[in-house]
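[1] I'd like to go over a predicted model; first the sequence, then the structure.
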Amino acid sequence: MRNTWLEINLDNIKYNLQRARELIGPKIKIAAVLKANAYGHGSVYTAKALIEEGIDMLAVACLSEAIELRREYTNIPILIMGFTEDEHLRIAAQKNITLTIFSLEQAKLLSDIGKEINKNIKIHIKVNTGMNRIGFRANKETINTIEEIHSFGNIIIEGIFSHLALKNADTDREQFEIFMEIVKKLESRGIFIELKHICDGIGMVYYPDYRLDMVRIGSFIYGGQTLKKEAEPLRLAMTFKTKISQVKEIEKGEGVGYDYDFVAPDKCIVGTLPVGYADGYMRCLTGKGEVIVRGKRASVIGKICMDQLMIDLTNIPEAKPGDEAILLGGYPGPSIPLAELAEKANTNKNEILSIISRRVPRIYTEDHKNVAQVDYLLD
Ligand SMILES: Cc1ncc(COP(=O)(O)O)c(C=O)c1O
(Lines give C-alpha, C1' and ligand atoms only; values in the text may rest on other atoms or scores of the structure.)
Protein backbone atom coordinates (compact mmCIF):
# COMPACT_ATOMS: atom_id res chain seq x y z
CA MET A 1 0.00 0.00 0.00
CA ARG A 2 2.97 2.31 0.40
CA ASN A 3 6.02 2.99 -1.70
CA THR A 4 8.13 3.85 1.32
CA TRP A 5 9.13 0.87 3.44
CA LEU A 6 11.71 -0.73 5.68
CA GLU A 7 13.39 -3.99 4.80
CA ILE A 8 14.48 -5.86 7.89
CA ASN A 9 17.01 -8.59 7.29
CA LEU A 10 16.33 -11.19 9.98
CA ASP A 11 19.45 -13.16 8.99
CA ASN A 12 21.51 -10.12 9.96
CA ILE A 13 19.76 -9.90 13.32
CA LYS A 14 20.53 -13.58 13.94
CA TYR A 15 24.12 -13.11 12.78
CA ASN A 16 24.66 -10.19 15.15
CA LEU A 17 23.24 -12.19 18.05
CA GLN A 18 25.61 -15.06 17.20
CA ARG A 19 28.48 -12.56 17.28
CA ALA A 20 27.49 -11.47 20.77
CA ARG A 21 27.28 -15.10 21.84
CA GLU A 22 30.76 -15.80 20.43
CA LEU A 23 32.11 -12.77 22.24
CA ILE A 24 30.79 -13.61 25.69
CA GLY A 25 30.67 -17.40 25.58
CA PRO A 26 27.83 -19.74 26.45
CA LYS A 27 27.39 -19.03 30.17
CA ILE A 28 26.44 -15.36 30.32
CA LYS A 29 22.80 -14.65 29.49
CA ILE A 30 21.76 -12.21 26.81
CA ALA A 31 18.73 -9.95 27.13
CA ALA A 32 17.78 -8.42 23.80
CA VAL A 33 16.61 -4.85 24.22
CA LEU A 34 13.45 -4.52 22.14
CA LYS A 35 12.14 -1.22 23.42
CA ALA A 36 10.88 1.44 21.00
CA ASN A 37 9.50 -1.21 18.66
CA ALA A 38 12.87 -2.95 18.65
CA TYR A 39 14.62 0.32 17.78
CA GLY A 40 12.22 0.71 14.86
CA HIS A 41 12.64 -2.81 13.49
CA GLY A 42 9.27 -4.06 14.75
CA SER A 43 9.43 -5.93 18.02
CA VAL A 44 7.22 -8.93 17.24
CA TYR A 45 9.18 -10.26 14.26
CA THR A 46 12.52 -9.22 15.68
CA ALA A 47 11.68 -11.18 18.82
CA LYS A 48 10.67 -14.19 16.74
CA ALA A 49 14.07 -14.28 15.04
CA LEU A 50 15.87 -13.86 18.35
CA ILE A 51 13.84 -16.57 20.07
CA GLU A 52 14.62 -18.94 17.20
CA GLU A 53 18.27 -18.11 17.78
CA GLY A 54 18.05 -18.92 21.50
CA ILE A 55 17.83 -15.51 23.18
CA ASP A 56 17.54 -15.75 26.98
CA MET A 57 15.37 -12.75 27.75
CA LEU A 58 13.60 -9.81 26.11
CA ALA A 59 13.85 -6.37 27.68
CA VAL A 60 11.57 -3.40 27.06
CA ALA A 61 10.98 0.04 28.53
CA CYS A 62 7.32 -0.11 29.52
CA LEU A 63 4.33 -2.36 30.13
CA SER A 64 2.58 -1.89 26.78
CA GLU A 65 5.75 -2.97 24.98
CA ALA A 66 5.93 -6.03 27.22
CA ILE A 67 2.29 -6.94 26.59
CA GLU A 68 2.74 -6.62 22.82
CA LEU A 69 5.42 -9.31 23.06
CA ARG A 70 3.69 -11.45 25.66
CA ARG A 71 0.62 -11.77 23.39
CA GLU A 72 2.80 -13.52 20.85
CA TYR A 73 5.32 -15.34 23.02
CA THR A 74 3.99 -16.98 26.13
CA ASN A 75 7.13 -18.43 27.67
CA ILE A 76 10.09 -16.16 27.04
CA PRO A 77 11.11 -14.04 30.06
CA ILE A 78 10.29 -10.36 29.48
CA LEU A 79 11.80 -7.64 31.67
CA ILE A 80 10.43 -4.11 31.86
CA MET A 81 13.55 -2.06 32.55
CA GLY A 82 11.64 1.15 33.28
CA PHE A 83 9.09 2.26 35.87
CA THR A 84 5.65 0.68 36.05
CA GLU A 85 2.77 2.54 37.75
CA ASP A 86 1.26 0.93 40.85
CA GLU A 87 -2.12 0.47 39.17
CA HIS A 88 -0.55 -1.61 36.39
CA LEU A 89 1.50 -3.97 38.53
CA ARG A 90 -1.27 -6.55 38.72
CA ILE A 91 -1.59 -6.81 34.92
CA ALA A 92 2.16 -7.29 34.61
CA ALA A 93 2.14 -9.95 37.31
CA GLN A 94 -0.74 -11.83 35.74
CA LYS A 95 1.12 -11.90 32.44
CA ASN A 96 4.37 -13.16 33.98
CA ILE A 97 6.21 -9.98 33.07
CA THR A 98 9.28 -9.27 35.21
CA LEU A 99 9.28 -5.84 36.82
CA THR A 100 12.03 -3.41 37.72
CA ILE A 101 11.59 -2.26 41.30
CA PHE A 102 13.26 0.59 43.13
CA SER A 103 10.95 1.32 46.04
CA LEU A 104 10.01 -0.60 49.14
CA GLU A 105 6.37 0.44 48.77
CA GLN A 106 6.07 -1.00 45.28
CA ALA A 107 7.75 -4.21 46.36
CA LYS A 108 5.25 -4.52 49.22
CA LEU A 109 2.33 -3.85 46.90
CA LEU A 110 3.62 -6.44 44.47
CA SER A 111 4.05 -8.96 47.25
CA ASP A 112 0.40 -8.39 48.28
CA ILE A 113 -0.71 -8.81 44.65
CA GLY A 114 1.33 -12.00 44.46
CA LYS A 115 -0.46 -13.37 47.52
CA GLU A 116 -3.87 -12.48 46.10
CA ILE A 117 -3.27 -14.08 42.74
CA ASN A 118 -1.22 -16.89 44.22
CA LYS A 119 1.90 -16.28 42.16
CA ASN A 120 5.56 -15.66 42.77
CA ILE A 121 6.32 -12.49 40.86
CA LYS A 122 9.83 -11.99 39.50
CA ILE A 123 11.53 -8.66 39.97
CA HIS A 124 14.86 -7.06 39.18
CA ILE A 125 16.12 -4.44 41.63
CA LYS A 126 17.48 -1.29 39.99
CA VAL A 127 20.41 0.45 41.62
CA ASN A 128 21.42 3.94 40.63
CA THR A 129 25.20 4.02 40.44
CA GLY A 130 25.58 7.41 38.82
CA MET A 131 23.17 8.19 36.01
CA ASN A 132 20.50 9.45 38.40
CA ARG A 133 17.76 8.18 36.14
CA ILE A 134 15.93 5.50 38.15
CA GLY A 135 17.07 3.19 40.91
CA PHE A 136 17.76 2.93 44.61
CA ARG A 137 20.61 5.11 45.79
CA ALA A 138 23.68 3.02 46.48
CA ASN A 139 23.88 3.28 50.28
CA LYS A 140 23.42 1.33 53.50
CA GLU A 141 19.73 2.10 53.72
CA THR A 142 19.26 0.45 50.33
CA ILE A 143 20.95 -2.73 51.58
CA ASN A 144 18.45 -2.81 54.44
CA THR A 145 15.58 -2.13 52.07
CA ILE A 146 16.61 -4.88 49.65
CA GLU A 147 16.96 -7.25 52.59
CA GLU A 148 13.42 -6.38 53.62
CA ILE A 149 12.12 -6.88 50.07
CA HIS A 150 13.92 -10.22 50.02
CA SER A 151 11.92 -11.29 53.05
CA PHE A 152 8.55 -10.52 51.38
CA GLY A 153 6.50 -13.47 50.23
CA ASN A 154 5.36 -14.04 46.65
CA ILE A 155 8.12 -12.03 45.04
CA ILE A 156 11.42 -13.37 43.83
CA ILE A 157 14.40 -11.07 43.38
CA GLU A 158 15.66 -12.71 40.21
CA GLY A 159 17.96 -9.86 39.23
CA ILE A 160 19.77 -6.72 40.34
CA PHE A 161 21.07 -4.23 37.83
CA SER A 162 22.43 -0.83 37.02
CA HIS A 163 23.25 1.08 33.85
CA LEU A 164 26.54 2.63 32.76
CA ALA A 165 26.59 6.30 31.78
CA LEU A 166 29.50 5.50 29.40
CA LYS A 167 31.17 8.84 30.07
CA ASN A 168 34.64 7.29 30.18
CA ALA A 169 36.43 4.18 31.43
CA ASP A 170 37.13 5.73 34.86
CA THR A 171 33.55 6.74 35.62
CA ASP A 172 32.29 3.42 34.26
CA ARG A 173 34.66 1.61 36.62
CA GLU A 174 33.45 3.74 39.52
CA GLN A 175 29.87 2.78 38.68
CA PHE A 176 30.76 -0.89 38.39
CA GLU A 177 32.54 -0.79 41.76
CA ILE A 178 29.61 0.94 43.44
CA PHE A 179 27.32 -1.75 42.01
CA MET A 180 29.56 -4.61 43.13
CA GLU A 181 29.82 -3.13 46.61
CA ILE A 182 26.03 -3.38 46.93
CA VAL A 183 26.10 -6.94 45.58
CA LYS A 184 28.86 -7.95 48.04
CA LYS A 185 27.07 -6.44 51.01
CA LEU A 186 23.89 -8.28 50.09
CA GLU A 187 25.85 -11.51 49.74
CA SER A 188 27.43 -10.97 53.16
CA ARG A 189 23.88 -10.98 54.49
CA GLY A 190 23.13 -14.21 52.68
CA ILE A 191 21.25 -12.66 49.77
CA PHE A 192 22.53 -14.13 46.52
CA ILE A 193 20.83 -12.82 43.40
CA GLU A 194 20.90 -14.95 40.27
CA LEU A 195 21.19 -12.27 37.58
CA LYS A 196 23.50 -9.35 38.18
CA HIS A 197 23.81 -7.09 35.14
CA ILE A 198 25.20 -3.70 34.23
CA CYS A 199 26.41 -3.84 30.60
CA ASP A 200 24.64 -2.61 27.50
CA GLY A 201 26.17 -3.44 24.11
CA ILE A 202 29.05 -1.00 24.48
CA GLY A 203 29.81 -2.20 28.01
CA MET A 204 29.71 -5.80 26.78
CA VAL A 205 32.33 -5.09 24.10
CA TYR A 206 34.68 -2.85 26.06
CA TYR A 207 34.45 -4.25 29.59
CA PRO A 208 34.66 -8.06 29.58
CA ASP A 209 35.08 -7.97 33.39
CA TYR A 210 31.73 -6.26 33.87
CA ARG A 211 29.61 -8.76 31.98
CA LEU A 212 28.53 -10.56 35.16
CA ASP A 213 25.54 -12.91 34.68
CA MET A 214 23.76 -11.12 31.84
CA VAL A 215 24.19 -8.34 29.29
CA ARG A 216 21.37 -6.19 27.88
CA ILE A 217 22.10 -5.42 24.26
CA GLY A 218 20.15 -3.37 21.72
CA SER A 219 22.17 -1.55 19.10
CA PHE A 220 24.55 -4.52 18.74
CA ILE A 221 21.70 -6.77 17.64
CA TYR A 222 20.46 -4.35 15.01
CA GLY A 223 23.98 -3.94 13.65
CA GLY A 224 24.16 -0.29 14.68
CA GLN A 225 27.08 -0.64 17.04
CA THR A 226 30.58 0.10 15.81
CA LEU A 227 33.10 -2.48 17.00
CA LYS A 228 36.81 -2.21 17.59
CA LYS A 229 38.76 -1.55 14.36
CA GLU A 230 40.16 -5.06 14.03
CA ALA A 231 36.78 -6.76 14.40
CA GLU A 232 34.58 -7.77 11.47
CA PRO A 233 31.73 -5.20 11.42
CA LEU A 234 28.24 -6.15 12.50
CA ARG A 235 25.52 -6.29 9.86
CA LEU A 236 22.96 -3.49 9.78
CA ALA A 237 19.56 -5.17 9.73
CA MET A 238 17.57 -2.27 8.37
CA THR A 239 17.33 -0.76 4.90
CA PHE A 240 15.02 2.25 4.56
CA LYS A 241 13.71 2.58 1.02
CA THR A 242 11.30 4.56 -1.09
CA LYS A 243 10.47 4.98 -4.78
CA ILE A 244 10.70 8.13 -6.87
CA SER A 245 7.20 9.55 -7.41
CA GLN A 246 8.01 12.31 -9.93
CA VAL A 247 10.94 13.55 -12.00
CA LYS A 248 10.98 17.06 -13.49
CA GLU A 249 13.40 19.49 -15.06
CA ILE A 250 13.58 22.97 -13.60
CA GLU A 251 15.22 26.11 -14.91
CA LYS A 252 18.01 28.13 -13.36
CA GLY A 253 16.60 30.38 -10.60
CA GLU A 254 13.53 28.21 -9.79
CA GLY A 255 13.01 27.29 -6.16
CA VAL A 256 12.40 23.91 -4.55
CA GLY A 257 10.28 23.23 -1.45
CA TYR A 258 9.08 25.49 1.38
CA ASP A 259 10.68 28.92 1.40
CA TYR A 260 12.31 27.97 -1.91
CA ASP A 261 15.09 26.84 0.36
CA PHE A 262 16.98 25.51 -2.67
CA VAL A 263 17.29 27.71 -5.76
CA ALA A 264 18.54 26.01 -8.94
CA PRO A 265 22.00 27.37 -9.82
CA ASP A 266 21.44 26.05 -13.32
CA LYS A 267 18.98 23.83 -15.19
CA CYS A 268 18.52 20.78 -13.00
CA ILE A 269 16.57 17.56 -12.62
CA VAL A 270 14.52 17.21 -9.47
CA GLY A 271 13.18 13.92 -8.15
CA THR A 272 10.44 13.77 -5.54
CA LEU A 273 10.39 11.03 -2.92
CA PRO A 274 7.23 10.14 -0.97
CA VAL A 275 8.96 10.19 2.42
CA GLY A 276 9.30 12.96 4.95
CA TYR A 277 10.00 13.79 8.54
CA ALA A 278 6.74 12.21 9.70
CA ASP A 279 8.13 8.90 8.46
CA GLY A 280 11.29 9.41 10.48
CA TYR A 281 13.55 10.97 7.86
CA MET A 282 14.60 13.87 10.04
CA ARG A 283 13.89 17.44 8.93
CA CYS A 284 17.31 18.50 10.17
CA LEU A 285 18.80 16.50 7.28
CA THR A 286 17.62 19.31 5.00
CA GLY A 287 20.56 20.36 2.84
CA LYS A 288 22.70 17.50 4.22
CA GLY A 289 21.04 14.16 3.45
CA GLU A 290 21.96 11.99 0.49
CA VAL A 291 20.18 8.98 -0.98
CA ILE A 292 21.19 6.26 -3.41
CA VAL A 293 19.48 6.08 -6.81
CA ARG A 294 20.69 3.64 -9.46
CA GLY A 295 23.82 3.05 -7.40
CA LYS A 296 24.75 6.75 -7.24
CA ARG A 297 24.37 9.39 -4.58
CA ALA A 298 21.79 12.18 -4.95
CA SER A 299 21.57 15.15 -2.53
CA VAL A 300 18.42 16.09 -0.68
CA ILE A 301 17.47 19.60 -1.82
CA GLY A 302 14.91 22.02 -0.40
CA LYS A 303 13.37 21.73 3.04
CA ILE A 304 12.29 18.21 3.95
CA CYS A 305 8.48 18.20 4.17
CA MET A 306 6.28 16.09 6.42
CA ASP A 307 5.56 13.47 3.75
CA GLN A 308 7.85 14.26 0.82
CA LEU A 309 11.32 15.42 -0.03
CA MET A 310 13.16 16.40 -3.18
CA ILE A 311 16.50 15.21 -4.50
CA ASP A 312 18.87 16.48 -7.16
CA LEU A 313 19.00 13.99 -10.03
CA THR A 314 20.99 16.19 -12.40
CA ASN A 315 23.89 13.74 -12.33
CA ILE A 316 21.60 10.73 -12.68
CA PRO A 317 19.56 11.73 -15.77
CA GLU A 318 18.57 8.10 -16.39
CA ALA A 319 16.51 8.05 -13.14
CA LYS A 320 12.79 7.46 -13.63
CA PRO A 321 9.64 7.57 -11.49
CA GLY A 322 9.36 4.18 -9.80
CA ASP A 323 13.10 3.83 -9.26
CA GLU A 324 14.11 2.82 -5.76
CA ALA A 325 15.91 5.29 -3.55
CA ILE A 326 17.83 4.07 -0.51
CA LEU A 327 17.58 6.40 2.46
CA LEU A 328 19.55 4.29 4.95
CA GLY A 329 21.54 1.08 4.67
CA GLY A 330 21.61 -0.86 1.43
CA TYR A 331 24.47 -3.25 2.08
CA PRO A 332 26.27 -4.99 0.46
CA GLY A 333 25.71 -2.59 -2.48
CA PRO A 334 26.07 1.21 -2.48
CA SER A 335 24.73 2.31 0.86
CA ILE A 336 24.05 5.10 3.32
CA PRO A 337 25.78 4.24 6.60
CA LEU A 338 23.84 4.72 9.81
CA ALA A 339 26.76 6.64 11.33
CA GLU A 340 26.68 9.10 8.43
CA LEU A 341 23.01 9.94 8.93
CA ALA A 342 23.47 10.22 12.70
CA GLU A 343 26.39 12.58 12.29
CA LYS A 344 24.58 14.73 9.74
CA ALA A 345 21.50 14.88 11.97
CA ASN A 346 23.70 15.63 14.99
CA THR A 347 22.21 12.77 16.97
CA ASN A 348 23.03 9.21 17.97
CA LYS A 349 22.48 6.15 15.79
CA ASN A 350 19.71 4.75 17.95
CA GLU A 351 17.55 7.83 17.43
CA ILE A 352 17.81 7.49 13.64
CA LEU A 353 16.54 3.89 13.88
CA SER A 354 13.91 4.28 16.56
CA ILE A 355 12.03 7.24 15.14
CA ILE A 356 11.00 5.54 11.90
CA SER A 357 7.26 5.84 12.23
CA ARG A 358 4.29 3.49 12.17
CA ARG A 359 3.36 4.79 8.73
CA VAL A 360 6.30 2.92 7.24
CA PRO A 361 5.51 -0.76 6.58
CA ARG A 362 8.14 -3.27 7.66
CA ILE A 363 9.05 -6.11 5.29
CA TYR A 364 11.01 -8.99 6.82
CA THR A 365 13.46 -11.02 4.78
CA GLU A 366 15.17 -14.26 5.53
CA ASP A 367 17.39 -16.17 3.16
CA HIS A 368 16.71 -13.42 0.52
CA LYS A 369 12.96 -14.11 0.63
CA ASN A 370 10.18 -11.96 2.07
CA VAL A 371 8.83 -13.88 5.04
CA ALA A 372 6.49 -11.38 6.68
CA GLN A 373 5.13 -7.91 6.36
CA VAL A 374 3.66 -5.49 8.88
CA ASP A 375 1.66 -2.39 8.09
CA TYR A 376 0.71 -0.91 11.45
CA LEU A 377 -2.03 1.21 9.90
CA LEU A 378 -3.75 -1.57 8.00
CA ASP A 379 -3.13 -4.77 9.94
C1 LIG B 1 18.67 0.04 30.79
C2 LIG B 1 19.18 -0.21 29.41
N3 LIG B 1 19.89 -1.32 29.18
C4 LIG B 1 20.36 -1.62 27.95
C5 LIG B 1 20.14 -0.78 26.88
C6 LIG B 1 20.70 -1.17 25.51
O7 LIG B 1 21.60 -0.24 25.07
P8 LIG B 1 22.43 -0.48 23.70
O9 LIG B 1 21.49 -0.28 22.57
O10 LIG B 1 23.50 0.57 23.76
O11 LIG B 1 22.99 -1.85 23.76
C12 LIG B 1 19.41 0.39 27.08
C13 LIG B 1 19.19 1.31 25.95
O14 LIG B 1 19.22 2.49 26.01
C15 LIG B 1 18.91 0.69 28.38
O16 LIG B 1 18.22 1.79 28.62
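    Sure thing, it's come through. Numbers count the residues shown, from 1 in each chain.
[2] in the chain, which helix is the longest?
    Scanning the chain for the longest helix, with DSSP state H as the assignment, gives helix 169-188.
[3] packing partners for that one?
    Helix 169-188 sits against strand 121-128, helix 140-151, strand 155-161, strand 195-199, with contacts defined as 3 or more C-beta pairs under 8 Å, 6 or more residues apart in numbering; DSSP states H and E. Quick note: C-beta positions are derived from backbone N, CA and C, even for glycine.
[4] can you pull out the helices in the stretch 151-300 of the chain?
    169-188, 201-206, 219-222 (DSSP state H, counting those that start in this stretch).
[5] circling back to that earlier point, let's have the helices and strands packed on helix 169-188 in a markdown table, adding mean pLDDT, mean neighbour count and distance to the ligand.
    Shown next, in a markdown table, are the helices and strands packed on helix 169-188 (pLDDT from 0 to 100; neighbours: other C-beta atoms under 10 Å; distance: least, C-beta to the nearest ligand atom, whole Å):
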| stretch | mean pLDDT | mean neighbour count | distance to the ligand |
| --- | --- | --- | --- |
| strand 121-128 | 98 | 23 | 9 |
| helix 140-151 | 98 | 16 | 18 |
| strand 155-161 | 98 | 22 | 8 |
| strand 195-199 | 98 | 24 | 8 |
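[6] can I get those in JSON lines including distance to C305?
    Output for the helices and strands packed on helix 169-188, formatted as JSON lines (distance: least, C-beta to C-beta, whole Å):
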{"stretch": "strand 121-128", "distance to C305": "42"}
{"stretch": "helix 140-151", "distance to C305": "51"}
{"stretch": "strand 155-161", "distance to C305": "43"}
{"stretch": "strand 195-199", "distance to C305": "41"}
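[7] quick one: closest of the helices of the stretch 151-300 of the chain to K29.
    Nearest to K29 among the helices of the stretch 151-300 of the chain is helix 201-206; the distance by C-beta to C-beta comes to 11.6 Å.
[8] next up, the contacts around the residue nearest to L234 when sequence neighbours are not counted.
    Among residues not flanking L234 along the chain, G223 sits closest, at 4.3 Å (C-beta to C-beta, 6 or more residues apart in numbering). Taking C-beta atoms under 8 Å, 6 or more residues apart in numbering as the criterion, G223 is in contact with N12, I13, N16, L234, R235, L236, A237, M238.
[9] next one: the first one from T347, what distance?
    It refers to N12. Distance from N12 to T347, counting by C-beta to C-beta, to the nearest Å: 23 Å.
[10] and the helix or strand where A20 lies with the ligand, contact?
    Using DSSP states H and E, A20 falls within helix 10-24. No - under the criterion of C-beta under 6 Å from any ligand atom, the ligand is not reached by helix 10-24; the shortest gap measures 9.8 Å.
[11] report how many residues lie close to whichever residue of the stretch 251-379 of the chain sits closest to the ligand.
    Nearest residue of the stretch 251-379 of the chain to the ligand (C-beta to the nearest ligand atom) works out as N350 at 5.9 Å. N350 has 20 neighbouring residues, counting by other C-beta atoms under 10 Å.
[12] show residues contacting the helix holding A20.
    Residues contacting helix 10-24 (C-beta under 8 Å, 6+ apart): 30, 32, 41, 45-46, 48-50, 52-55, 201, 204-205, 208, 211, 215, 217, 220-223, 234-237, 364-367, 371.
[13] next SSE after it?
    Past helix 10-24, the next helix or strand by DSSP H and E is strand 29-33.
[14] chain center to the helix holding A20, what's the gap?
    15 Å (C-alpha atoms, centre = their mean, to the nearest Å).
[15] residues of that helix that come out buried?
    Residues of helix 10-24 classed as buried by neighbour count (16 or more other C-beta atoms under 10 Å): L10, N12, I13, K14, Y15, N16, L17, R19, A20, L23, I24.
[16] list the contacts for G130?
    Contact analysis of G130 by C-beta under 8 Å, 6+ apart lists A165, T171, E174, Q175, I178.
[17] mind doing that once more with 7 Å?
    The contact partners of G130, by C-beta atoms under 7 Å, 6 or more residues apart in numbering, come to A165, T171, E174, Q175.
[18] of all pairs in those residues, which one is the farthest apart?
    Farthest pair in those (C-beta to C-beta) is A165 and E174. Separation: 9.8 Å.
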